[in-house]
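Colleague: What follows is a predicted structure for the sequence shown.
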Amino acid sequence: MNRKILLCIIALAFIFLAGCSQQQSQTSYIGAETAKQTALEAAALSEQEVSSISTDMSTRDGLDYYQVRFEAAGQTYQYDIDALTGVVISAQPSNSTASSQTNQLEMGDQQGIEHLDSAAPSFQQSLETAAPATSSTDASACIGEDEAKRIALEHAGLDESQVTIVCAFLEFDDRQWEYEVEFYTQNYEEYDYEIDAYTGAIISFDYDAEYYSSQQGSSSAITAEQAQQLALAQVPGASESDIRKFKTDHDDGMLLYEGEIIYDGMEYEFEIDAYSGFIREWSAEPFAR
């Protein structure tokens, strides 16, 4: 009889300790209210300025986090906050106007794209020439989507009547706010820009003639030296010694030149059609040493 009582006491003790452990684990979370305030602070908004605010607990890859959603001035925000540390895992403010502008482009047979000189942008404009708008971290100090689009189009040497804007939205990436701007020309050349949301500086740029029809019927191809000079012409000041990688490649029957230029703290990657000298792909971003 005494043995049964002892076993019952031990069992109750285990249950009690397990309950305490679970309660302690739960109380170590920052709480929904703290998560909400963290999200509002990250958006530089007060509770009075937002509506439809909600906070839900979720789990991803074994990580518990709070998902905070709210609206302010016609813009929808979503923040994922680590339940234990209170760190902002991701932030996705999205403008409904930009979303409505997203177009589904019909991909039919297209005519060959004109030569690079008439379409691809010149890189004489430095990737960091945009004048700083402000040093403030207030959300209201962002340059805005219209200004981000203007900066991207000006750098590409195009105006809005010549392109179809696919998307232009604000996002938080690599610990900074930036605008993603993507558009197509009438010849289906694709441009992608990442622009600092506060300064207007172009963080990175990508150009891709995705729907280009190669002139494979041409009787001769440009030489590797000519392809290198075409690429260097896009980076004023760069020389052959700045070409770090260069090779000849074949892709779906096309003869291509691919390479990489590192100059003045920037890394440029390119792909050139060997038959036409057309730059099919071009990207530029800060060089990570």
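Modeller: Everything's here; your move. Numbers count the residues shown, from 1 in each chain.
Colleague: use CA for all of it now, contacts and neighbours both
Modeller: Noted.
Colleague: what sits against Q226?
Modeller: Residues counted as contacts of Q226 (CA atoms under 8 Å, 6 or more residues apart in numbering): none.
Colleague: so it sits in a strand?
Modeller: No: with DSSP: H, G, I helix; E, B strand; the rest coil as the criterion, Q226 is located in helix rather than a strand.
Colleague: can you pull the pLDDT of the residue lying closest to S28 once chain neighbours are set aside?
Modeller: Leaving out its chain neighbours, the residue that sits closest to S28 by CA to CA, 6 or more residues apart in numbering is L84, at 6.5 Å. Looking at L84, its pLDDT stands at 79.
Colleague: L84 and Y263: what is the separation?
Modeller: Using CA to CA, to the nearest Å, we find L84 at a distance of 43 Å from Y263.
Colleague: and if you look at T55?
Modeller: Going from T55 to Y263 by CA to CA gives 47 Å.
Colleague: now swap in F169 and tell me
Modeller: In terms of CA to CA, F169 sits 30 Å off from Y263.
Colleague: Next: T38.
Modeller: Look at T38 and Y263: by CA to CA, they are 40 Å apart.
Colleague: What of E147?
Modeller: To Y263, E147 is 28 Å away according to CA to CA.
Colleague: more neighbours, those two?
Modeller: Counted by other CA atoms under 10 Å, E147 and Y263 do not tie: Y263 has more neighbours, with 19 against 14.
Colleague: where exactly do the strands run in the stretch 51-200 of the chain?
Modeller: Counting by DSSP state E, counting those that start in this stretch, the stretch 51-200 of the chain has strands at residues 51-60, 63-72, 75-82, 88-91, 94-95, 163-173, 176-185, 190-196.
Colleague: hey, which of the ones you listed is tucked in deepest?
Modeller: strand 190-196 (a mean of 24; mean count of other CA atoms under 10 Å).
Colleague: That one vs strand 163-173, what angle?
Modeller: Orientation check (axes from the mean of the first three to the mean of the last three CA atoms, to 10 degrees): strand 190-196 against strand 163-173 gives 40 degrees.
Colleague: For strand 190-196, output the C-alpha coordinates as PDB.
Modeller: Output of strand 190-196 as PDB, limited to C-alpha atoms (Å, rounded to 0.1, in the frame of the first residue of the first chain):
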ATOM      1  CA  GLU A 190      13.700  42.700 -69.100                       C
ATOM      2  CA  TYR A 191      15.200  45.200 -66.600                       C
ATOM      3  CA  ASP A 192      15.400  44.600 -62.800                       C
ATOM      4  CA  TYR A 193      16.600  47.300 -60.300                       C
ATOM      5  CA  GLU A 194      17.100  47.400 -56.600                       C
ATOM      6  CA  ILE A 195      17.000  50.900 -55.300                       C
ATOM      7  CA  ASP A 196      17.700  52.200 -51.800                       C
END
